[in-house]
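Q: pasting a predicted model and its sequence here:
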Amino acid sequence: MLDNFHKLRPIRVLVFGDIFLDRHTLGRVSRISPEAPIPVFNLESSRALGGGAANVALNLKSLGAEVFIASFVGQDDIGDILVSHLSDRSIETAAILSGSHHKTGVKERFISQGQQLLRVDDEKIMELSPSDTETMIRFLEDLIPEVDVVVISDYAKGTCTPSLIRAVLRLGKEFRKKVIVDPKRSDISIYSPAFLIKPNRKEAYSAIGAEMTDSLMSVAAAIMQKGEFEYLLITLSEEGMVLFDRRLEMVSVPALGREVKDVTGAGDTSLAMLAYGIGSDLTVPESTYLANVAASCAVEKLGCHSVGMKELLLRAFLIDPRYKIAREVNVVFLLTHLIPSEEVIYFEVEKIKKNIAEVLWAVKKMREKTVIAFFSEMSENEALIEFLAASPEIDLLVRGKEAAMLAWDLLQDRLIMNVEDCFPYAKN
């Protein structure tokens, strides 16, 4: 499922939903207060990031999408910071509407030694006026026909009202755009007829009033009866994800995270990758697998983290080193995202196959450079190919004459050194 990265293409995405500021305040705790049995937090640094639908938009931008975001903020300093944060990253913010009767929310997390000690939420549920709704619908009418896929990121902060949700779904249906929803409402039927909804386990069970002991299959069947959804993706935290289609055929995707540091924003990251894959015309199971890879990257970082294509590819290589083998169909995609500008050291495997261990030793001494191995001919030595792909010294293995020609053309003057020139004794 992970060998379809090369099918991803530049797409245009509209993200509609609640946005707020995620502030991470880092500090040190070394003593207990004499005033009360609480830790004393010594502030060291603070950083502000986009949260909610803003984090979805930032992840989509990191993946290479052209992103439009539609939401509401207050006429306040926090709103200005949030909009500037998105605009500075080339996200189109014209449909972020501000009002003096709104307040931009802030979620501030206090973190010491990689652990969250406290979260303070400063927010107020927005109450949209008829004028707010009418103005937003006009923006939606302009934007939805122009994008490839639409995302609704509902955090229940007031942006995703029933009338605006219905407007997005109506326009999506009218212009044949797939709408993907991360729901928050207990009445999940309000999101019908979305193409795909992505609740977590708690949200899925709450939507139908199920007991946590009920089976996922029975919960999925009940949700599908509540609305015209093509797909249901239930996220299960450390247990991964489970995808259901209308016929209740199930695809289970296990979690991939090696070390969970912080789950903040991981759902936004998986939602972004899911939308990117579906918008690129990958199948929903293929997109789900990619979303799972993206989530595994996000949970290993502290706070909200925008996962880019290079990070995704490197994680896929760890999952299965055979994805490191570039062929004619994907070599340009892999080189473009993995090695956009770096200088490259290379060698041609056919010329040195009798002394490959010596070459790998030489390459290990030059790890500050990217290393590519070329199999110009379609060798039948699968064991050697898989051995090289699994080697941490090799960043990419290009297999086949056509793939090699494409790689040579793309890299050109960035091929700065042939390892064989440094080790003449390694040749036949």
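A: Received, thanks.
Q: gap between residue 108 and residue 59?
A: Taking C-beta to C-beta, to the nearest Å as the measure, residue 108 falls 21 Å from residue 59. Yep, even glycine has a C-beta here, placed from its N, CA and C like the rest.
Q: neighbour-wise, which of those two wins?
A: Between residue 108 and residue 59, counted using other C-beta atoms under 10 Å, the more crowded position is residue 59 (29 against 16).
Q: secondary structure of that one: a helix, I assume?
A: Yes. The assignment for residue 59 by DSSP: H, G, I helix; E, B strand; the rest coil puts it in a helix.
Q: find the nearest non-adjacent residue to the residue most central in space within the chain, please.
A: Taking C-alpha atoms, centre = their mean as the criterion, residue 269 is the residue nearest the geometric centre of the chain, at 3.6 Å. Spatial nearest neighbour of residue 269, chain neighbours left out: residue 298 (4.0 Å); criterion: C-beta to C-beta, 6 or more residues apart in numbering.
Q: wait, the one you found sits on residue 266?
A: Yes. Under the criterion of C-beta atoms under 8 Å, residue 298 makes contact with residue 266 at 4.3 Å.
Q: which one of these two is surrounded by more residues?
A: Using other C-beta under 10 Å as the criterion, residue 298 and residue 266 rank with residue 298 on top: 29 against 25.
Q: list the contacts of that one.
A: Contact analysis of residue 298 by C-beta atoms under 8 Å, 6 or more residues apart in numbering lists 265, 266, 269, 270, 305, 307.
Q: repeat that with 7 Å
A: 265, 266, 269, 305, 307 (C-beta atoms under 7 Å, 6 or more residues apart in numbering).
Q: what do you get for residue 111?
A: Residue 111 sits next to 24, 25, 26, 117, 302 when contact means C-beta under 7 Å, 6+ apart.
Q: domain parsing for the protein?
A: Domains of the chain are assigned by automatic domain parsing as 2-319, 323-426.
Q: could I get those domains as JSON lines with mean pLDDT?
A: What follows is those, written out as JSON lines (pLDDT from 0 to 100):
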{"stretch": "domain 2-319", "mean pLDDT": "92"}
{"stretch": "domain 323-426", "mean pLDDT": "80"}
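Q: check which helices and strands the helix or strand containing residue 22 sits against.
A: Secondary structure from DSSP states H and E places residue 22 in strand 19-32. Contacts defined by 3 or more C-beta pairs under 7 Å, 6 or more residues apart in numbering; DSSP states H and E place strand 19-32 against strand 39-52, helix 77-87, strand 106-112.
Q: including distance to residue 411, could those go into a markdown table?
A: Output for the helices and strands packed on strand 19-32, formatted as a markdown table (distance: least, C-beta to C-beta, whole Å):
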| stretch | distance to residue 411 |
| --- | --- |
| strand 39-52 | 35 |
| helix 77-87 | 34 |
| strand 106-112 | 41 |
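Q: closest one to residue 319 among those?
A: Among the helices and strands packed on strand 19-32, strand 39-52 comes nearest to residue 319, with 27.1 Å by C-beta to C-beta.
Q: what sits up against the closest one?
A: Under the contact criterion C-beta under 7 Å, 6+ apart, strand 39-52 has outside partners 17-29, 31-33, 58, 81-82, 85-86, 107, 110, 112, 117, 153, 155, 303-304.
Q: strands paired with that strand, and their directions?
A: Using DSSP bridges, strand 39-52 pairs in its sheet with strand 19-32 (antiparallel).
Q: who touches the strand it pairs with?
A: Residues outside strand 19-32 that contact it (C-beta under 7 Å, 6+ apart) are 38-54, 71, 73, 78, 81-82, 104-112, 123, 157, 303-304.
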